[in-house]
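*Asks:* Let's see this in three dimensions:
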Amino acid sequence: MAEGDGNTPTDEPAAQDKSGSDGPRRPSVWERARQAMADHNAKAPRGPMGIPEVPGTDASGDDESDADEGATAELVLERIHYYRDTIRSYQVIIEGQRVGQIRDNKTESFVLRPGSYTLRLQLLWLFSPRVVVELPAGGQTRMICGPNGGILQAWRLFFAPTTAIFLRFAEEA
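*Replies:* Numbers count the residues shown, from 1 in each chain. From the prediction side, this is the model:
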């Protein structure tokens with residue numbers, strides 16, 4: 001058979017027969033979900049704590065405001081070693097968002113913008129009390145955490161789950 005005599009099968013009509021229409025193919029559910037997630041991630045803020053990054057294109061010449069906008073503060077969280085909860089990590093929650101975790105006998109550091117934050121730790125259904133932390137510009141705030149009691153305090157796990165983990169400032173130790 002020769003090309004162009006009309007008897008040669010081509011890929012074009014077969015593709016049209018499978019789709020059932022001459023228009024473009026509709027993306028599958030998975031392709032649409034993947035595209036929606038990519039669109040969402042492209043629009044999501046990139047800064048710490050969901051705060052958009054400060055653009056560096058400000059040419060106003062005001063050095064004081066630039067220093068304040070770029071200022072950071074450090075929150076250092078130290079977890080004590082204790083036999084209860086040793087194999088599990090505490091989730092660190094700042095302003096209602098999970099920002100990290102801390103394991104037994106470890107120290108974690110979080111760099112944030114200066115200001116007031118609500119800090120809390122979580123392990124499964126257990127929480128620490130909410131603590132309001134004031135972070136000064138260029139400063140470091142140290143906190144200590146751990147399980148609130150051993151086997152004799154196990155009642156907290158069921159009757160007072162918001163007191164099962166302690167969280168306090170290091171100066172109070």
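
*Asks:* And the helices in this structure?
*Replies:* 11-19, 29-43, 63-69, 156-159 (DSSP state H).

*Asks:* Tell me where the model's unsure across this protein.
*Replies:* Within the chain, the segments meeting pLDDT under 70 span 1-22, 40-69, 172-173.

*Asks:* so where do the strands sit in it?
*Replies:* All strands of the chain, identified by DSSP state E, fall at 73-79, 90-94, 97-102, 107-112, 115-123, 126-127, 131-135, 140-147, 165-169.

*Asks:* Quick one: closest of these to W155.
*Replies:* Distance to W155, taken as CB to CB, is lowest for strand 126-127 among these, at 12.5 Å. For glycine as for every other residue, the C-beta is placed from the backbone atoms N, C-alpha and C.

*Asks:* which other helices and strands contact that closest one?
*Replies:* When contacts are defined as 3 or more CB pairs under 8 Å, 6 or more residues apart in numbering; DSSP states H and E, strand 126-127 sits against none of the other helices and strands.

*Asks:* rerun that using 10 Å as the cut-off
*Replies:* Here strand 126-127 is seen to pack against strand 90-94, helix 156-159, strand 165-169 when contacts are counted using 3 or more CB pairs under 10 Å, 6 or more residues apart in numbering; DSSP states H and E.

*Asks:* ok, residues contacting it?
*Replies:* Contacts of strand 126-127 from elsewhere in the structure, counted by CB atoms under 10 Å, 6 or more residues apart in numbering, are 85, 88, 90-91, 93, 120-121, 147-148, 156-158, 160-165, 167.

*Asks:* how about a cut-off of 8 Å?
*Replies:* Where contact means CB atoms under 8 Å, 6 or more residues apart in numbering, the residues beyond strand 126-127 that reach it are R120, L121, L157, P161, T162, A164, I165.
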